[in-house]
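Undergrad: below are the sequence and a predicted model for it; my questions follow.
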Amino acid sequence: MGIADGDIERIRATANLVEIAQEVVALKRVGTRYVGLCPFHAEKSGSFSINAEAGLFYCFGCQAKGDTITFVRETQHLDFVGAVEWLAGRYGVTLTYDNSRETESRSRRRALVEAMDRAVEWYHERLLTSPDAAQARGYLRSRGYDGEIVRRYKLGWAPDDWDALCKALKLERQVLVDTGLAFVNKRDRLQDSFRSRVLFPIFDARGDAVAIGGRILPGSSDPAKYKNSPSTAIYDKSETLYALNWAKSEIVQRGEVVVCEGYTDVIGMAIAGVPTAVATCGTALTDRHFATMKNFARRIVLAYDADAAGQGAAERFYEWEQKYEVDVFVADLPKGADPGDLARSDPAALQRSVTGAKRFLEFRLDRLLGRADLRSVEGRARIAGEAGAMIREHPNQIVREQYAGQVAVRLDLPADAILRGGPVRIARTESSRPRRAQESPALMVLGLAVHRPEEVAGRIDEVLFTDPVHVSAYRALAGATTLHEAIDTAEPEAAELLQRLAVEEVDVEADDVVALLVADAARRALDEIRHADDPLAVAELHGWLKLRLDELMETETRGPATAALVSFLVERAAEEGK
């Protein structure tokens with residue numbers, strides 16, 4: 001249902017997984033594969049591997065796997081159809097839909113996004129050319145925003161009118177309401193949601209306009225400084241990050257995302273030479289924000305007063321660090337400084353605050369000790385208590401002990417005095433890099449069946465395999481016309497094995513590894529024959545098998561011996577009803 005199967009296959013054949021993945025993770029070519037650090041879990045050595053020809057990826061560390069569509073789904077936070085549509089738009093593939101309810105929902109989303117796109121363009125053009133936007137243009141120039149910045153961020157101006165946008169766009173009433181661009185007033189008339197405000201369009205990670213944030217001009221009598229779009233079918237403020245669509249490439253390249261409180265802070269960061277900044281949209285950071293950010297970078301820098309958030313925030317940040325395997329830092333901004341203002345007055349200082357960001361706990365302790373009176377014993381004791389409370393919030397025992405030691409030196413107190421207090425929590429650590437399966441003739445032959453099937457076609461059979469997963473994988477390959485089809489139809493464990501084999505190098509000779517696999521199977525049969533009830537009855541067969549096994553060791557006779565043994569093993573299995 002939804003998108004025609006043929007269109008999905010065309011997407012798989014057309015899309016370039018390496019090209020797409022390189023926007024998220026740095027890759028290098030190793031033989032026929034591309035490898036790099038996995039974008040789905042934290043690691044120091046590259047476990048992530050791509051088979052470019054098949055369009056498949058696999059991580060040997062966290063076992064993440066899939067094709068190009070799966071990769072887009074996971075990194076762009078889309079469902080299956082959304083990922084296919086994203087790829088179709090990128091590679092110019094026209095999609096065919098059926099008349100299902102799901103298709104209607106997607107059509108509705110496209111209508112809302114298109115309406116928001118039109119509104120963004122209308123408001124933007126208004127800011128650039130309309131006489132009534134002169135004060136707004138002056139305000140933006142005073143903030144250091146030139147024409148390039150205004151155009152890059154598609155800034156706009158909402159005129160001081162009741163329904164200028166509604167009249168200009170002439171969209172369906174329900175579309176305007178469902179996007180949050182308008183509402184129905186007490187007179188049952190459509191009214192623009194934004195009036196007399198500078199507008200900051202909000203785009204999702206893939207670049208679709210989904211919402212708008214509006215700011216009043218200085219001197220306005222409106223008590224609400226900011227006004228934002230409500231949550232809609234295309235906009236969820238608890239997971240959307242302003243400017244991620246523009247910043248994501250730089251974020252991936254630098255391995256760092258800088259989180260600000262507001263839209264102007266983000267733009268100020270960019271002006272000051274920090275192009276990795278994003279902002280929450282009128283909400284505190286949430287679990288879903290971190291779930292989004294960890295797909296692009298592992299270093300999260302908070303560019304606001306994180307210390308003011310207190311203990312509750314600390315616990316959440318530590319939880320997110322462990323859950324998403326990220327590192328939270330805090331930019332050491334001058335006290336009371338606004339990133340947007342600092343970008344104009346001292347851009348170098350703003351850059352230094354980001355590059356010199358401190359670990360979350362380190363930042364809080366430095367802030368505490370920096371304002372403390374340490375001249376008296378009583379003063380040091382009080383600060384020791386506050387510092388100890390902060391340190392004990394951290395879930396890792398080693399981290400707690402290290403910071404306690406550092407604080408103890410500064411306070412001239414024993415370290416155990418800092419840590420003394422309530423119970424501490426010890427974090428569990430688990431290895432995220434399970435061991436890879438050892439190479440075996442069976443795995444090497446299956447690898448050949450994945451990468452060079454023509455070299456083993458007609459030469460092997462499922463009777464050669466003893467592991468049920470290997471048998472299942474062989475059956476899936478034998479019954480499919482493409483590798484993707486085999487993976488889709490295989491049992492889960494077999495599908496994972498095929499996915500892994502697809503991104504591994506196969507640098508073996510088919511004759512050699514097929515002979516090894518056949519020899520193993522023949523030796524098992526020979527062992528069974530040796531234990532027959534009537535040895536004389538099987539003596540001839542015993543001799544024949546031994547001769548064939550000897551011939552497998554010689555290059556000249558290996559081919560015929562292999563064929564003869566496979567034929568024998570297949571017939572024997574059929575007779576025994578296996």
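TA: Happy to help now that I have it. Numbers count the residues shown, from 1 in each chain.
Undergrad: what about this structure, any weak spots by pLDDT?
TA: 1, 98-105, 305-313, 421-439, 535, 577-578 (pLDDT under 70).
Undergrad: that one - how does it break down into domains?
TA: Using automatic domain parsing, the domains assigned to the chain come out as 5-91, 108-228, 241-365, 441-575.
Undergrad: compute the first-to-last residue distance for the second one.
TA: Read that as domain 108-228. Taking C-alpha to C-alpha, to the nearest Å as the measure, domain 108-228 stretches 22 Å from start to finish.
Undergrad: now do the third one
TA: One end of domain 241-365 sits 29 Å from the other (C-alpha to C-alpha).
Undergrad: next one: the last one
TA: End-to-end distance for domain 441-575: 26 Å, by C-alpha to C-alpha.
Undergrad: in JSON lines, list the domains of the chain along with mean neighbour count and distance to His394.
TA: Using the backbone N, CA and C atoms, a C-beta is placed for each residue, glycine as well. Below are those laid out as JSON lines (neighbours: other C-beta atoms under 10 Å; distance: least, C-beta to C-beta, whole Å):
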{"stretch": "domain 5-91", "mean neighbour count": "19", "distance to His394": "18"}
{"stretch": "domain 108-228", "mean neighbour count": "17", "distance to His394": "31"}
{"stretch": "domain 241-365", "mean neighbour count": "20", "distance to His394": "6"}
{"stretch": "domain 441-575", "mean neighbour count": "17", "distance to His394": "36"}
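Undergrad: quick one: closest of the ones you listed to Pro395.
TA: domain 241-365 (5.4 Å; C-beta to C-beta).
Undergrad: nearest to Asn396 among the domains of the chain would be which one?
TA: domain 241-365 (8.4 Å).
Undergrad: check the offset of the closest one from the chain's centre.
TA: 18 Å (C-alpha atoms, centre = their mean, to the nearest Å).
Undergrad: now swap in stretch 69-85 and tell me
TA: For stretch 69-85, the separation from the chain centroid amounts to 11 Å (computed by C-alpha atoms, centre = their mean).
Undergrad: please look at Gly61 and Pro39 and confirm they touch.
TA: No: between Gly61 and Pro39 there is no contact under C-beta atoms under 8 Å: 11.3 Å.
Undergrad: so what sits against both of those two?
TA: Phe48 (C-beta atoms under 8 Å, 6 or more residues apart in numbering).
Undergrad: if we can go back for a sec, in CSV: the domains of the chain, plus distance to Ile383.
TA: Compiled in CSV, these are given as follows (distance: least, C-beta to C-beta, whole Å):
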stretch, distance to Ile383
domain 5-91, 34
domain 108-228, 37
domain 241-365, 10
domain 441-575, 53
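Undergrad: in which helix or strand does Asp265 reside?
TA: For Asp265, the element it lies in under DSSP states H and E is helix 263-271.
Undergrad: what does Arg110 give?
TA: Going by DSSP H and E, Arg110 is part of helix 101-129.
Undergrad: Met293: what's it in contact with?
TA: 241, 257, 259, 278, 300, 324, 326.
Undergrad: please list the members of these that lie in strands.
TA: Counting by DSSP state E, the part of the contacts of Met293 found in strands is 241, 257, 259, 278, 300.
Undergrad: may I have the beta-bridge partners of the fourth one?
TA: Beta-bridge partners of Val278, counted by DSSP bridges, are Val259.
Undergrad: wait, doesn't it sit right on Asn245?
TA: No: when contacts are counted by C-beta under 8 Å, Val278 is not listed as touching Asn245 (9.4 Å).
Undergrad: make JSON lines out of the contacts of Met293 and add distance to Ala54.
TA: Putting the contacts of Met293 into JSON lines (distance: C-beta to C-beta, whole Å) gives the following:
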{"residue": "Leu241", "distance to Ala54": "33"}
{"residue": "Val257", "distance to Ala54": "32"}
{"residue": "Val259", "distance to Ala54": "37"}
{"residue": "Val278", "distance to Ala54": "34"}
{"residue": "Ile300", "distance to Ala54": "34"}
{"residue": "Tyr324", "distance to Ala54": "29"}
{"residue": "Val326", "distance to Ala54": "31"}
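Undergrad: just curious, which of these is nearest to Val506?
TA: Among the contacts of Met293, and counting by C-beta to C-beta, the member closest to Val506 is Tyr324, at 34.6 Å.
Undergrad: pull up the gap between the closest one and Ala134, please.
TA: Distance, Tyr324 to Ala134, using C-beta to C-beta, to the nearest Å: 46 Å.
Undergrad: circling back to that earlier point, which secondary structure elements does the helix holding Arg110 contact?
TA: Applying 3 or more C-beta pairs under 8 Å, 6 or more residues apart in numbering; DSSP states H and E, one finds that helix 101-129 contacts helix 80-91, helix 147-152, strand 156-158, helix 164-169, helix 173-179, strand 197-203, strand 209-215.
Undergrad: compare the ones you listed and give me the one nearest Ala270.
TA: Among the helices and strands packed on helix 101-129, helix 147-152 comes nearest to Ala270, with 7.7 Å by C-beta to C-beta.
Undergrad: same for that closest one, what does it pack against?
TA: Partner elements for helix 147-152 (3+ C-beta pairs under 8 Å, 6+ apart): helix 101-129, helix 263-271.
Undergrad: okay, which residue is most central for the chain?
TA: Asn295 (2.8 Å; C-alpha atoms, centre = their mean).
Undergrad: please name the residues that touch it.
TA: Counted by C-beta under 8 Å, 6+ apart, Asn295 has contacts 24, 39-40, 74-75, 77.
Undergrad: and what of Leu419?
TA: 388, 391-392, 400-401, 404.
Undergrad: now for those residues: which two are most distant?
TA: Gly388 and Glu401 (12.0 Å).
Undergrad: higher neighbour count, those two?
TA: In this view Gly388 and Glu401 are compared by other C-beta atoms under 10 Å, and Gly388 has more residues nearby, 23 against 16.
Undergrad: leaving out chain neighbours, which residue sits closest to that one?
TA: Ile418 (4.7 Å; C-beta to C-beta, 6 or more residues apart in numbering).
Undergrad: the one you found is in what secondary structure piece?
TA: Ile418 belongs to helix 415-419 when assigned by DSSP H and E.
Undergrad: in that helix, which residues are buried?
TA: For helix 415-419, a neighbour-count test (16 or more other C-beta atoms under 10 Å) marks 415, 417-419 as buried.
Undergrad: what's the offset of it from the middle of its chain?
TA: 40 Å.
Undergrad: helix or strand right after that helix?
TA: Immediately after helix 415-419, counting by DSSP H and E, sits helix 441-451.
Undergrad: pipe the contacts of Leu419 into JSON lines and attach distance to Val538 and secondary structure per row.
TA: JSON lines is the format used below for those (distance: C-beta to C-beta, whole Å; DSSP: H, G, I helix; E, B strand; the rest coil):
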{"residue": "Gly388", "distance to Val538": "79", "secondary structure": "helix"}
{"residue": "Ile391", "distance to Val538": "75", "secondary structure": "helix"}
{"residue": "Arg392", "distance to Val538": "74", "secondary structure": "helix"}
{"residue": "Arg400", "distance to Val538": "70", "secondary structure": "helix"}
{"residue": "Glu401", "distance to Val538": "70", "secondary structure": "helix"}
{"residue": "Ala404", "distance to Val538": "75", "secondary structure": "helix"}
